[in-house]
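**Student:** Predicted model and sequence below, questions to follow.
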There are 4 protein chains.
Amino acid sequence: MSDISDRRRAASSGRAPTPVALIGAGRIAAVHAKSLRDPAVRIVGVADPDRSAAERLARELGTDAYVRWEDLLELDEVEAVIVCSASDAHAEQVAAAAAAGRNVFCEKPLATDLDGVDSAISAVERSGVVLHVGFNRRFDPGFAELSRRVGSGGIGRLLQLRITSRDPEPPPTGYPRGPGGLFADMAIHDLDMARYVSGEEVVAVAAVGSSIVDPLAGAAGDIDVAAISLRFASGALGVIECCRISTYGYDQRVEVHGSDATAWTTNPLPAVTVQADAGGARSSPLHRFFPERYEQAYSAELAAFLSACRGLGAGPAASGNDARAALVLAQAAQVSLLEGRTVPVAEVGSPTTPSTADLP
Amino acid sequence: MSDISDRRRAASSGRAPTPVALIGAGRIAAVHAKSLRDPAVRIVGVADPDRSAAERLARELGTDAYVRWEDLLELDEVEAVIVCSASDAHAEQVAAAAAAGRNVFCEKPLATDLDGVDSAISAVERSGVVLHVGFNRRFDPGFAELSRRVGSGGIGRLLQLRITSRDPEPPPTGYPRGPGGLFADMAIHDLDMARYVSGEEVVAVAAVGSSIVDPLAGAAGDIDVAAISLRFASGALGVIECCRISTYGYDQRVEVHGSDATAWTTNPLPAVTVQADAGGARSSPLHRFFPERYEQAYSAELAAFLSACRGLGAGPAASGNDARAALVLAQAAQVSLLEGRTVPVAEVGSPTTPSTADLP
Amino acid sequence: MSDISDRRRAASSGRAPTPVALIGAGRIAAVHAKSLRDPAVRIVGVADPDRSAAERLARELGTDAYVRWEDLLELDEVEAVIVCSASDAHAEQVAAAAAAGRNVFCEKPLATDLDGVDSAISAVERSGVVLHVGFNRRFDPGFAELSRRVGSGGIGRLLQLRITSRDPEPPPTGYPRGPGGLFADMAIHDLDMARYVSGEEVVAVAAVGSSIVDPLAGAAGDIDVAAISLRFASGALGVIECCRISTYGYDQRVEVHGSDATAWTTNPLPAVTVQADAGGARSSPLHRFFPERYEQAYSAELAAFLSACRGLGAGPAASGNDARAALVLAQAAQVSLLEGRTVPVAEVGSPTTPSTADLP
Amino acid sequence: MSDISDRRRAASSGRAPTPVALIGAGRIAAVHAKSLRDPAVRIVGVADPDRSAAERLARELGTDAYVRWEDLLELDEVEAVIVCSASDAHAEQVAAAAAAGRNVFCEKPLATDLDGVDSAISAVERSGVVLHVGFNRRFDPGFAELSRRVGSGGIGRLLQLRITSRDPEPPPTGYPRGPGGLFADMAIHDLDMARYVSGEEVVAVAAVGSSIVDPLAGAAGDIDVAAISLRFASGALGVIECCRISTYGYDQRVEVHGSDATAWTTNPLPAVTVQADAGGARSSPLHRFFPERYEQAYSAELAAFLSACRGLGAGPAASGNDARAALVLAQAAQVSLLEGRTVPVAEVGSPTTPSTADLP
């Protein structure tokens, strides 16, 4: 929680709060809105095509509601835009905000296809604004610590990496489903984690999957349980296990096996109480889902973005190229699943846009 | 962290922030100051006889510094006073603040002797203000959960309670030491926990102790390691282990053994990373000391006080009588140590002031 | 350890000890020899082409040494043969022992190719003797418990299974290495576990691998780190992680994720001592390798075989068809690795020999 | 389990088995009988005043039954006697066995009063035979490891020791109960552990207790839950928590807090399976009671005794003086409980008999 305190300190040190506009008023917007209730931030507007949603969130935040997101960019005072809209609108909004000279925080995905990613990145590069992409797990203290240990040689040479990723339940009924959805929507976080924790690029992907827990996914041609094997540039291997249901809560673990040591994170427990009887000792349940599990990470993520907007150090933020690299991997996984073969990542695309060379 | 969000929500819901004055600018004042940087609070002054300390903290909080605490009570706007001064000044300041019609949050101890406790409680009762005493551990989620489980019958009948309490290091050189100090200053928290978690009064105390780790304590006639056995009214037993040093961090555990089940808290770890090599698997270290370990509890504690000032529900706050009961137990422990006998608590004093009947 | 006691009880109950012959005097023979020092067993000979090895082990066991294994089958009294010789001799020895009417316990693999497996199974079927194959992990209490829970519906429908399998170090220098070795020699245990714990057949295999830790493996065309994805008949998925080195000991874990619950085993620790200091809390190291980790399982495995020889209940023993099924999976994994594709298991072979229909 | 293997190796190395007689055929005799079914031992007789009990156990062990224990001492071949009779017969039987030149293993207590202890020790000293007293926990690998670490300075200077000791249920209805029973019968093991793990003598004892779970205990003037505080010679403190019931199994833990590190044992779990669902993650239950929890320790204990009989190294065996010291502490605890004071141990007795000077 020290980051929160730091921000308050900054806020109370005399600097004027950063004026921020929020595009989107749905589930993830509500998550970020919690972090935006901060003396260091002044929210100047919320836009959503669903007027009542926009008004509800605006009222909660003590700000104005808009239906058209473009109107927010016309407010002169806006310094930063938080993009939490539907995924297929991200690329256009990021490009427009960047063209208007506003720093942009964009929820993942940056775009739903590589062209969208590239045009968003190009707009950002032309205008020189700050772009952070919402891979919130980079701000989870446990995963960040693993990334540091791998990067510093603390476990020797990386040999194996494993990511376990289980959601408590499938997305709500109305959530868009379709082929490749599990990879592009859920596993994309894990694919980014694989790059972030290993500090390496993935060179080949082999995926298997099934549709056994979410009939809506199956009907839409998607899977709901997956095993993704990765081969990194160094020869190290990775495994990602994804599942759309979990009775025991939101399970998010990473393990790295190195030549000198092996390190892992356990799921942080909301409570540290254990109770034992004749049936054994029972610990407290996991966090239910991402808003609780990553509350601290979401807050630290926005704080890092706001710091970057003020020209200060940026933390483990995800760049446009990180967004591109993860999308390439998600697409490679879908090709692997459909064609039943191990897919060389280069076949699908580069981890960077033609003009840039951002490292993970 | 949800309490923080709740407070922000309250703050942003249009209510004016509560004007608060802070008496004391030392170590524990700095801890509370972190929680006071909140939109729901407006700090109107900090007083400390050490002018430079007062000025430093006032500057950090963007408020005014005072040398005389009495001056804070003359500020008309002050609604609540946070007492973080030296322990021997508490009783007078609480009584004066109460007489001046201000709600009071007082760091433990409420007073250093029973007369002081009683006069503070009387002043509060006469004026009808809110008084919360700083037994912060009541707001620790793990201990609160244990208290709830015992209270709800979740472990059956309570049979044994154990509290382990180890500080990383003795108090700083200048800290006041003297006979009974370990009980009155350190174990008093554990004695309050024993009442809070069990929901019972202690009827007898047997203490043994040694001076083996802090030469300053020994020179001052105090001990630095203690084992306190408790007998509760129901016949259940308690054990408190205290030690003034601990290489592995601030160890704070409670275990309750009941006729139906046994429950305990583990120390919450700041990080969930484990690393294994030929020497075994090593988890992350504990929090170093109370400001880190109880950051969330301190924040929730002040929030509960501020809610109570606004007439809202109060949470597991400690009352004046709770402060009295814990002090009586600390004194009974010292009598037991000195006289080598099991001391009936009634011999030392009642858990309530003559005029009140507050239950734990 | 209760199984040991049970055997002693059996032994002391008046029954004559079973006369057993041991083929092979190497590493795994030494492991089994520990279990054979039992009142219920009388060892009547040890054979190894390395005369001094045979003599050393025979002396230890208080029995006679032979160079030719065929000589053991000529000893009239022999009721059971334990085959611990080099892998490429297994099939012929099992077939000969079966033809000679002796019950056979054969270390894995039953044969190094499917023809060998089939001829061994045929010989056993013709003679009607008992054949147990040495998949010792089926007798590990933790894995057996997982298998039971999956089988009884205790976790609902199986969705995901994960096996982590890390050896402390590569095989010794002289150990035979070659393409497919990691799958056929090391992962074959994990592939058997996948079938045993899930109670299902695997229908497709996708493997990736690298040679990064054992130069001898790389030189011989084998890998030393692997990720094997499995698709079970029900649509459930499996993941096996293998690595030939591990600084922290022999890591052997299984996790099953079901629609109702998720269950896993942790590595049993040889000692339950934890020590904490400023660097965190350090648990005791894992068992170093299989002889220590599976000491109890090896003993229970032989006990089950000896019980079966006496016509009593058999426990979770692996049959000839289990050996065949695991070998088919190992070969499918190697095809997948070489050809970079997901391999339907039926393409490689059936989990049963043509004439039999043994379920897992 | 390596000790078992070692014994088998010894047995198979040509040495004749040790002829042993067993006095007593009750609960603890059955426990030891499991360890006596060993090629290194030949049981030559079992005696119990309850003829049918003697006959049942003798039949199980394939030996002869006696009603009078004195008859066993007349069998010339007997080299060692295992005393598992009723506690009040121990002293006389040990003295008689020693006088007859037989090595003696005596279950705790060596005697029910100090005179009995002293006469038994004297008889042993006169005859020069081996005497081991059954403080089985000294052979528990976890407690032994703690003792070694304390002894070697591995945790620095010992500051605090804590022992948690909970039985699953009170003794059976017919078991002898009376004042001081909890201390003399149950806590005596913990008092021995305190001396064994600390490597120190206890100088003062303060005990509190209640009778709240076993009406039979209360009716007999005994307690069933206790907290015993100890002061060691160095100033270090100890705490022992005892309870006669526990729903979650047999709880036996020791923690040592030192100036450099803190170490503890967890309860070894019979199974390493964990299962998680919405109610949290549930580990496997503890061992139910001492025969399961200490199976390995009982076996190692007898092995050490048999080794000592053969003139080989003895391991952490408890001597006659260890038995005396523990009994003195149990008596001091009862005085403390009855008189409500901290009792100097020297007031009750010396940890050694007048003529000897055995260190813990």
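**Tutor:** In hand now; what should we look at? Remember, predicted model here, so these are calculated numbers, not experimental data.

**Student:** pLDDT averaged over the one helix or strand residue A:160 maps to, what's the number?
**Tutor:** Following DSSP states H and E, one finds residue A:160 within strand A:158-166. The average pLDDT for strand A:158-166 rounds to 98.

**Student:** Which strands or helices does that strand pack on?
**Tutor:** helix A:188-198, strand A:225-232, strand A:237-243, strand A:251-258, strand C:225-232, strand C:237-243 (3 or more CB pairs under 8 Å, 6 or more residues apart in numbering or on different chains; DSSP states H and E). All C-beta atoms are positioned from the backbone trio N, CA, C, and that covers glycine.

**Student:** how does it look with 6 Å?
**Tutor:** helix A:188-198, strand A:237-243, strand A:251-258, strand C:237-243 (3 or more CB pairs under 6 Å, 6 or more residues apart in numbering or on different chains; DSSP states H and E).

**Student:** Find the residue closest to the residue of chain A most remote from its centre in space, skipping its chain neighbours.
**Tutor:** Ranked by distance from the centre of chain A (CA atoms, centre = their mean), the top residue is residue A:278, with 41.8 Å. On the basis of CB to CB, 6 or more residues apart in numbering or on different chains, the spatially nearest residue to residue A:278 that is not a chain neighbour turns out to be residue D:247, at 5.4 Å.

**Student:** Next, count neighbours for that neighbour.
**Tutor:** Other residues lying near residue D:247 total 20 when counted by other CB atoms under 10 Å in any protein chain shown.

**Student:** can you check residue A:68 too?
**Tutor:** By other CB under 10 Å, the burial measure for residue A:68, its neighbour count, is 11.

**Student:** which non-adjacent residue is nearest it?
**Tutor:** Across the structure, with CB to CB, 6+ apart as the measure, the residue nearest residue A:68 apart from its sequence neighbours is residue A:47 (6.4 Å).

**Student:** which one is residue A:267 nearest to, not counting chain neighbours?
**Tutor:** residue A:286 is the one closest to residue A:267 (CB to CB, 6+ apart), at 5.0 Å.

**Student:** Now that neighbour, what are its backbone angles?
**Tutor:** phi -70, psi 170 (degrees, to the nearest 10).

**Student:** now swap in residue A:77 and tell me
**Tutor:** Backbone phi and psi, for residue A:77 under degrees, to the nearest 10, turn out to be phi -70, psi -20.

**Student:** what packs against the helix or strand that contains residue A:298?
**Tutor:** Here residue A:298 sits within helix A:295-309, counting by DSSP H and E. Counting contacts by 3+ CB pairs under 6 Å, 6+ apart, the secondary-structure elements packed against helix A:295-309 are helix A:2-12, helix A:27-36.

**Student:** Can you dump the C-alpha atoms of stretch A:230-241 in CSV for me?
**Tutor:** This file holds the C-alpha atoms of stretch A:230-241, laid out as CSV (Å, rounded to 0.1, in the frame of the first residue of the first chain):
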residue,chain,number,x,y,z
LEU,A,230,6.0,-22.0,-25.2
ARG,A,231,9.5,-22.2,-26.4
PHE,A,232,11.6,-19.1,-25.5
ALA,A,233,14.5,-17.8,-27.5
SER,A,234,17.0,-19.3,-25.0
GLY,A,235,15.5,-22.8,-25.3
ALA,A,236,13.7,-22.4,-22.0
LEU,A,237,10.2,-23.7,-22.0
GLY,A,238,6.9,-22.3,-20.7
VAL,A,239,3.5,-23.8,-19.9
ILE,A,240,0.3,-21.8,-19.4
GLU,A,241,-2.8,-23.6,-18.0
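
**Student:** any idea whether the closest residue to chain D within the stretch 51-200 of chain A is helix, strand or coil?
**Tutor:** For the stretch 51-200 of chain A, the residue positioned closest to chain D under CB to the nearest CB is residue A:168, at a distance of 9.0 Å. Of the three states, residue A:168 takes coil under DSSP: H, G, I helix; E, B strand; the rest coil.
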